[in-house]
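*Asks:* Only the shape, not the letters, is given here:
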């Protein structure tokens, strides 16, 4: 049951976070991992796993929060275009730190534990009741902020208004809460936060972000459910990571839709 719960949470949190980033930047390449949040989650998870100083979930959250705070203050000072460039460079830097930590793993078992989390799964190995409660609180806060800011984001996307730097920075923090609620437990699931929001915008031409919240969530949950069934029951005796398997399933659909449009 907990695995299915996090299929639902991930299927909602990541696409909604992705569409928020696209509206915030007015750019279809907006993604929740674009500002280094994914790299920070991996760095925190790696440091926690290799050192044992805290649970993997807490380590992931702490590093992602630090990354978000840095981006928070950068958002107050730079333009959106420069923020994108900063995010790419900052993400590369954080990812490099994570690589150093992982390549110095004390033993193979810890390295395997980190890799299985990093490849994304819904096994919830080593996840405590406290981790789950914490992630649920983050999910509720992030989803509430997404619904509360929907009207302003829609107007911002339509260029009817310009969001202030402080508003953008606070929204970025709320997006981090939403995304971390899934990533800290299940690992960084790729594609769904970039591909699914773009699919939604292809299928529905409305600029109302609330419609894309619903469509993206429905598609995200459906894709993850199909992927979960394939991984669990049609794996042919080999380990199939959630993120890679979902990309293989979804990319042909993306190709068909983009060619048609």
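*Replies:* The structure has been received and is ready for your questions. Since we're looking at a predicted model, the values are computed, not measured.

*Asks:* who does the least confident helix or strand in the chain by mean pLDDT touch, helix- and strand-wise?
*Replies:* Sorted by mean pLDDT, DSSP states H and E, the helices and strands of the chain end with helix 108-118, the least confident at a mean of 72. Where contact means 3 or more Cβ pairs under 8 Å, 6 or more residues apart in numbering; DSSP states H and E, helix 108-118 is packed against helix 37-51, helix 56-77. C-betas here are computed from N, CA, C, even on glycine.

*Asks:* 6 Å instead?
*Replies:* helix 37-51 (3 or more Cβ pairs under 6 Å, 6 or more residues apart in numbering; DSSP states H and E).

*Asks:* List the buried residues in the helix it packs on.
*Replies:* Neighbour-count burial for helix 37-51, with 16 or more other Cβ atoms under 10 Å as criterion, is recorded at 37-50.

*Asks:* Equivalent analysis for stretch 194-202, please.
*Replies:* 194, 195, 196, 197, 198, 199, 200, 201.

*Asks:* Where does the fourth one sit: helix, strand or coil?
*Replies:* In the three-state summary, residue 197 is assigned as helix, counting by DSSP: H, G, I helix; E, B strand; the rest coil.

*Asks:* Repeat that for residue 189.
*Replies:* Under three-state DSSP, residue 189 comes out as coil.

*Asks:* my read: it touches residue 120, true?
*Replies:* Yes. The pair residue 189 and residue 120 qualifies as a contact (Cβ atoms under 6 Å) at a distance of 4.6 Å.

*Asks:* List the contacts of residue 135.
*Replies:* 181, 185 (Cβ atoms under 6 Å, 6 or more residues apart in numbering).

*Asks:* and the helix or strand encompassing it, how far from the chain's centre?
*Replies:* Using DSSP states H and E, residue 135 sits in helix 129-148. Centre-to-centre, helix 129-148 and its host chain are 14 Å apart (Cα atoms, centre = their mean, to the nearest Å).

*Asks:* So what angle separates the directions of it and helix 56-77?
*Replies:* Per axes from the mean of the first three to the mean of the last three Cα atoms, to 10 degrees, the angle that helix 129-148 makes with helix 56-77 is 30 degrees.

*Asks:* what's the average pLDDT for helix 129-148?
*Replies:* Per-residue pLDDT over helix 129-148 has a mean of 91.

*Asks:* helix or strand right after that helix?
*Replies:* Criterion used, DSSP H and E; the element after helix 129-148 is helix 150-157.

*Asks:* what's in contact with that next one?
*Replies:* 23, 26, 161, 163, 207, 208, 209, 210.

*Asks:* For the following helix or strand past that helix, enumerate the helices and strands it packs against.
*Replies:* Elements were assigned by DSSP H and E; along the chain past helix 150-157, the next helix or strand is helix 165-186. Counting contacts by 3+ Cβ pairs under 6 Å, 6+ apart, helix 165-186 is packed against helix 2-25, helix 56-77, helix 129-148.
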